[in-house]
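Student: only geometry, no sequence info:
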């Protein structure tokens, strides 16, 4: 179960996009990327996935240094990323993406391709 406050979860549910802030490690440059984000309503897990698969810089940086931040509604929220190592979280992410972004057909199709499913990450409060 996530430890994000309800107000943060509501902001993440409402946001079409957020900025994710990552760095490859201490003393390394900080980068931001615009990404999609979902909240699994069954257990309030915050999930993200790289549309570029393993080539996505923000994804690679979170694997190297799991500490980052999400910027939503003018607020910086520190996060820690964990790979979604089980099929249930990957499936929950796909279902939540499909529900939230159903009007973005072309982009949505890119987010649920088999090739990118392994880049699903769960974000916890940092």
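Tutor: Happy to help now that I have it. Predicted model only: the values in this text are computed from it and were never measured. Numbering: from 1, shown residues only.
Student: from here on, just use CA atoms for contacts and neighbour counts.
Tutor: Fine.
Student: remind me, longest strand of the chain?
Tutor: If you go by DSSP state E, the chain has its longest strand at strand 75-83.
Student: in whichever helix or strand comes after that one, what's buried?
Tutor: Elements were assigned by DSSP states H and E; along the chain past strand 75-83, the next helix or strand is helix 87-100. For helix 87-100, a neighbour-count test (16 or more other C-alpha atoms under 10 Å) marks 89, 90, 92, 93, 94, 96, 97, 98, 100 as buried.
Student: relative to residue 55, how far out is the fifth one?
Tutor: Which is residue 94. Counting by C-alpha to C-alpha, to the nearest Å, the gap from residue 94 to residue 55 is 19 Å.
Student: likewise for residue 82?
Tutor: Relative to residue 55, residue 82 is positioned 17 Å away (C-alpha to C-alpha).
Student: the two: who's more crowded?
Tutor: Shown here are residue 82 and residue 55; by other C-alpha atoms under 10 Å, residue 82 has more neighbours (16 against 12).
Student: quick check on residue 63: phi, psi?
Tutor: In terms of degrees, to the nearest 10, the main-chain angles of residue 63 are phi -70, psi -40.
Student: buried sites along the lowest-mean-pLDDT helix or strand in the chain?
Tutor: Within the chain, confidence by mean pLDDT, DSSP states H and E is lowest for helix 105-111 among all helices and strands, at a mean of 91. Buried residues in helix 105-111, counted by 16+ other C-alpha under 10 Å: 108, 111.
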